[in-house]
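> What shape does this take:
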Amino acid sequence: MHIAEGFLPPVQAVAWTVASAPFVIHGARCIIRQVREHPETKLLLGAAGAFTFVLSAIKLPSVTGSSSHPTGTGLGAVLFRPPVMAFLGVVVLLFQALLLAHGGITTLGANTFSMAVVGPWVGYGGYRLVSRFTTNTSPAIFAAMFLADLSTYCVTSMQLALAFPDPVSGVGGALAKFLGVFALTQVPLAVAEGLLGVLVFRVLRTVASPELVRLGVLPMPVDNSSGGRTGAPPSSQRGF
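Numbering: from 1, shown residues only. As a prediction, the model looks like this:
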């Protein structure tokens with residue numbers, strides 16, 4: 001998902017930036033509201049951003065001389081919802097472009113759209129879908145991490161296909177080639193990221209259970225003395 005500096009035509013680079021901007025602005029507002037209403041979750045919010053930065057900075061060799069990366073956005077999307085990850089993601093990508101030469105400034109909008117917008121929303125959708133069929137959080141967390149990772153590279157493949165259509169088969173042929181290079185080789189990495197996400201979430205349940213309850217990620221504990229539930233409202237009552 002780190003399209004290199006200057007790799008996209010200027011018009012397309014601007015178009016992806018414009019497409020990403022509303023999500024990033026909305027995400028910034030969501031973070032401000034989150035910190036104002038629940039200041040006790042600031043540490044967990046920072047951990048979600050750090051987790052995304054570290055995972056997406058890991059550079060693994062892929063075919064044809066390219067490289068693949070985990071993304072780490074699925075876990076943050078589950079904890080704080082996808083809009084928050086749009087802002088955290090652009091911050092992560094900006095620092096990586098400036099400090100690690102991963103991605104670039106002109107391609108920041110395109111990279112943000114794939115990793116920080118589409119990835120979190122697809123991952124969160126997978127999480128909500130799996131959660132409908134099981135009360136065990138592990139399959140849902142796995143789905144969130146796996147789908148956020150894989151969908152990011154599918155969108156990156158589309159972006160590159162639009163920028164570099166095949167001379168014979170056009171955008172469709174180029175898309176098939178880029179998907180073969182990036183999406184297929186990303187499947188094992190997405191599986192590994194899903195398993196890592198399950199392990200990390202189990203640790204969070206141990207060390208930050210009250211915060212997860214306030215965020216609506218874990219169910220409210222049952223007050224046996226009154227027969228009701230206490231704590232934060234369920235996730236279905238939390239807005240974006």
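
> Identify the spatial nearest neighbour of residue 30, chain neighbours not counted.
With Cβ to Cβ, 6 or more residues apart in numbering as the criterion, residue 30 has its nearest non-adjacent residue at 4.5 Å, and that residue is residue 83. Quick note: C-beta positions are derived from backbone N, CA and C, even for glycine.

> Tell me the spacing between the one you found and residue 211.
19 Å (Cβ to Cβ, to the nearest Å).

> Among these two, which residue is more densely surrounded?
residue 83 (25 against 20; other Cβ atoms under 10 Å).

> Just the pLDDT for that one.
Residue 83 is assigned 96 on the pLDDT scale.

> repeat for the one 5 residues further on
According to the prediction, residue 88 has pLDDT 96.

> isn't it right up against residue 49?
Yes - with contact defined as Cβ atoms under 8 Å, residue 88 and residue 49 form a contacting pair (4.5 Å).

> Between these two, which is the more surrounded one?
The neighbour count for residue 88 versus residue 49, taken as other Cβ under 10 Å, is higher for residue 88 (29 against 21).

> how near is that one to residue 193?
Residue 88 is 17 Å from residue 193, by Cβ to Cβ.

> Phi and psi next, for the spatially most central residue of the chain.
Centroid-nearest residue in the chain, with Cα atoms, centre = their mean: residue 73, separated by 2.5 Å. Dihedral pair for residue 73: phi -80, psi -20, per degrees, to the nearest 10.

> circling back to that earlier point, tell me, what's touching residue 88 and residue 49 both at once?
residue 76 (Cβ atoms under 8 Å, 6 or more residues apart in numbering).

> Backbone dihedrals for residue 33, please?
Torsion angles, degrees, to the nearest 10, at residue 33: phi -70, psi -40.

> Contact partners for it?
With Cβ under 8 Å, 6+ apart as the criterion, no residue contacts residue 33.

> still on that earlier bit, tell me if I'm right that the residue nearest to residue 30 and residue 28 touch.
No - applying Cβ under 8 Å as the test, residue 83 and residue 28 come out as separate, 9.1 Å apart.

> And the strands in the chain, which stretches?
60-61, 67-68, 222-223, 228-229 (DSSP state E).

> Chain neighbours aside, what residue packs nearest to residue 166?
residue 173 (3.7 Å).

> I meant residue 164, not that one.
residue 174 (5.9 Å).

> ok, what's across the strand from residue 60?
Per DSSP bridges, the residues bridged to residue 60 are residue 68.

> Quick check: the gap between it and residue 69.
Distance from residue 60 to residue 69, by Cβ to Cβ: 7 Å.

> One more: residue 114?
On the measure of Cβ to Cβ, residue 114 and residue 69 end up 11 Å apart.

> And those two? Which one has more around it.
Of the pair residue 114 and residue 69, residue 114 is the one with more neighbours under other Cβ under 10 Å, namely 27 against 23.

> So that one sits against residue 155, correct?
Yes - the pair residue 114 / residue 155 is scored as a contact, 4.0 Å apart, by Cβ under 8 Å.

> Can you get me a residue count around residue 139?
Residues near residue 139, counting by other Cβ under 10 Å: 16.

> List the contacts of residue 23.
83, 86, 112, 113, 116, 117.

> please redo it, this time with the cut-off set to 6 Å
86, 117 (Cβ atoms under 6 Å, 6 or more residues apart in numbering).

> can you check residue 215 too?
Contacts of residue 215 by Cβ under 6 Å, 6+ apart are residue 79.

> tell me the phi and psi of it?
Residue 215 adopts backbone torsions of phi -80, psi -10, taken as degrees, to the nearest 10.
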